[in-house]
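**Q** Would you be able to build a 3D model of this:
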Amino acid sequence: MTTLPGHARFAHPPLTVEVDGPYACFTRPELETERVSYPVMTPSAARGVLQAIYREPGFDYVITAIEVLAEIRWASVRRDEVALMVTLDWVRRAMTDPAQRFDAEAGRDQRNTVFLRDVAYRIRAQVRPRPHATSTEAAYREQFGCRVGTRACFSQPFLGTRECPASFTRQTDRTPVSHTEDLGAMLHSITYTGGETCRWFDARLESGVMHVPEYGIQLAARA
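**A** Predicted coordinates:
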């Protein structure tokens, strides 16, 4: 796979924020049954963290790099999960028939999840105003910096899944780990205009830093 051309020249240095958490799981999409994390945060997960801190309809975050600030460590957890889902049709039947019962035990499966543990990342991103933006790029950047400084957020940031909450702070003097690895195809972003479309790129961790192209290859999501 080859990625599209990299980032255009931005007028400002990237925004930076550091995130930490006891656990993280950035699930590899090729493993359908067992959840196994990539060894590093994905750009889509990084964008979710930034949007939890400050989200505005007037601009998009463009992730430029993710730095790994803690040694890559793993934890494996086996747990029960329910494979069945309550459908709208079942709810309608249950509303008219009190004898209806949802048997979770009948659809319970035991699955393994491979988490990352004791993680720390530095996210670097640019602000790209949308055509209908009602404020300037400088104003958006300033607001983001203020919220990071006061540790304010619209919602609790998380690292891949909501069961992995994250804390965040301004940039510190921590340095990336000395780890280099080819990570294979990684999810870049998902768009929902005219249907769901996934974008991918060839990811590589070089001395603890993963550089992210501005665009990825567009692939239709599987049905």
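
**Q** For I63, give the beta-bridge partners.
**A** Applying DSSP bridges to I63 gives these bridge partners: A125.

**Q** Tell me where this structure has strands.
**A** With DSSP state E applied, the chain shows strands at 15-24, 35-36, 59-68, 74-82, 108-129, 158-159, 161-165, 167-169, 181-191, 197-205, 209-211, 217-220, listed in chain order.

**Q** With respect to burial, which of the ones you listed scores highest?
**A** Counting by mean count of other CB atoms under 10 Å, strand 158-159 has the highest mean neighbour count of the strands of the chain, with a mean of 24. Placement of C-beta: from N, CA and C, glycine included.

**Q** other SSEs contacting that strand?
**A** Packing partners of strand 158-159 (3 or more CB pairs under 8 Å, 6 or more residues apart in numbering; DSSP states H and E): strand 15-24, helix 43-53, strand 161-165.

**Q** what inclination does the last one have with respect to strand 108-129?
**A** An angle of 80 degrees separates the directions of strand 161-165 and strand 108-129 when computed by axes from the mean of the first three to the mean of the last three CA atoms, to 10 degrees.

**Q** Against which helices or strands is strand 161-165 packed?
**A** Counting by 3+ CB pairs under 8 Å, 6+ apart, strand 161-165 packs on strand 15-24, strand 158-159.

**Q** Adding mean pLDDT and distance to V148, write the strands of the chain out as JSON lines.
**A** What follows is the strands of the chain, written out as JSON lines (pLDDT from 0 to 100; distance: least, CB to CB, whole Å):
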{"stretch": "strand 15-24", "mean pLDDT": "97", "distance to V148": "5"}
{"stretch": "strand 35-36", "mean pLDDT": "88", "distance to V148": "30"}
{"stretch": "strand 59-68", "mean pLDDT": "96", "distance to V148": "13"}
{"stretch": "strand 74-82", "mean pLDDT": "79", "distance to V148": "28"}
{"stretch": "strand 108-129", "mean pLDDT": "90", "distance to V148": "10"}
{"stretch": "strand 158-159", "mean pLDDT": "97", "distance to V148": "17"}
{"stretch": "strand 161-165", "mean pLDDT": "93", "distance to V148": "17"}
{"stretch": "strand 167-169", "mean pLDDT": "97", "distance to V148": "7"}
{"stretch": "strand 181-191", "mean pLDDT": "90", "distance to V148": "22"}
{"stretch": "strand 197-205", "mean pLDDT": "91", "distance to V148": "24"}
{"stretch": "strand 209-211", "mean pLDDT": "97", "distance to V148": "20"}
{"stretch": "strand 217-220", "mean pLDDT": "69", "distance to V148": "31"}
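
**Q** Perfect, I'm done here.
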